[in-house]
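In: I would like to see how this sequence folds:
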Amino acid sequence: MNYDFSKIKSEGERVKDRFKQEIATLSTGRANPAMVENLLVDSYGAKTPLKHLAAISVEDARTLRIAPWDVSVIKNIESAISTSNLGIQPIADKQSIRISVPGLTEERRKALVKTLSAKLEEARISMRQERDKVWKDIQEGERSGEIPEDFKFRFKDELQKIVDKISADLEEMSKRKEQEILN
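Out: Predicted coordinates:
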């Protein structure tokens, strides 16, 4: 007898992907297009991610250049970057926008590590909720007679191994990002 764990595995991948996207926006003092690519910009009457409106490139270790495909949205892009809580200021010319990424102060590094920890905890909570849903499903299967009791506990152990693996992956991603922030 087998239980289909594909749903929690795919949910785990989704949680890891979302966590990866969220931590990519945390500034490490280095220019990284991921910092701004998902910023929502008012354009043509809708909120559109910046990556759909412009080419974002790294000029050097601390400078990003944003070249919109339609120069009429430069002001909107500049406004979206200015009002974001990224702590960066855009400098616009006629064709593009340049962003200089400031170096990190010790205080800013600590704040970023704290934010990173909060995002990691959110991802863990999301995984625990998914685990609880699957466990509830297994218990209901046992109550209805579809799953024998000894299989119920084997499935519980297998479920916990899956969740532990995903948690370990999240932890590893968090540690790598923390090293980037602190160095």
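In: Give me the phi and psi for the residue of the chain most remote from its centre.
Out: Farthest-out residue of the chain from its mean C-alpha position, per C-alpha atoms, centre = their mean: residue 145, at 40.4 Å. The phi and psi values for residue 145, taken as degrees, to the nearest 10, are phi 90, psi 0.
In: Which parts of this structure are helices?
Out: Here the chain has its helices, by DSSP state H, at 6-24, 74-83, 106-143, 149-182.
In: closest to residue 95 out of those?
Out: Closest to residue 95 of the helices of the chain is helix 74-83 (C-beta to C-beta; 8.2 Å). Just so you know, the C-beta spots here come from the backbone N, C-alpha and C atoms, and that holds for glycine as well.
In: how many other residues sit next to the closest residue to residue 16 other than its chain neighbours?
Out: Distance criterion C-beta to C-beta, 6 or more residues apart in numbering; nearest residue to residue 16, sequence neighbours excluded, is residue 169 at 5.8 Å. Using other C-beta atoms under 10 Å as the criterion, residue 169 is surrounded by 17 other residues.
In: per-residue confidence for residue 169?
Out: pLDDT, residue 169: 96.
In: circling back to that earlier point, mind checking the helices of the chain for the one nearest to residue 30?
Out: Ranking the helices of the chain by proximity to residue 30 (C-beta to C-beta) places helix 149-182 first, at 7.8 Å.
In: any idea how this structure splits into domains?
Out: 6-23+105-182, 30-100 (automatic domain parsing).
In: thought residue 40 was touching residue 81?
Out: No: with contact defined as C-beta atoms under 8 Å, residue 40 does not count as touching residue 81 (11.1 Å).
In: Which one of the two is surrounded by more residues?
Out: The residue with more neighbours, out of residue 40 and residue 81, is residue 81; 22 against 12, by other C-beta under 10 Å.
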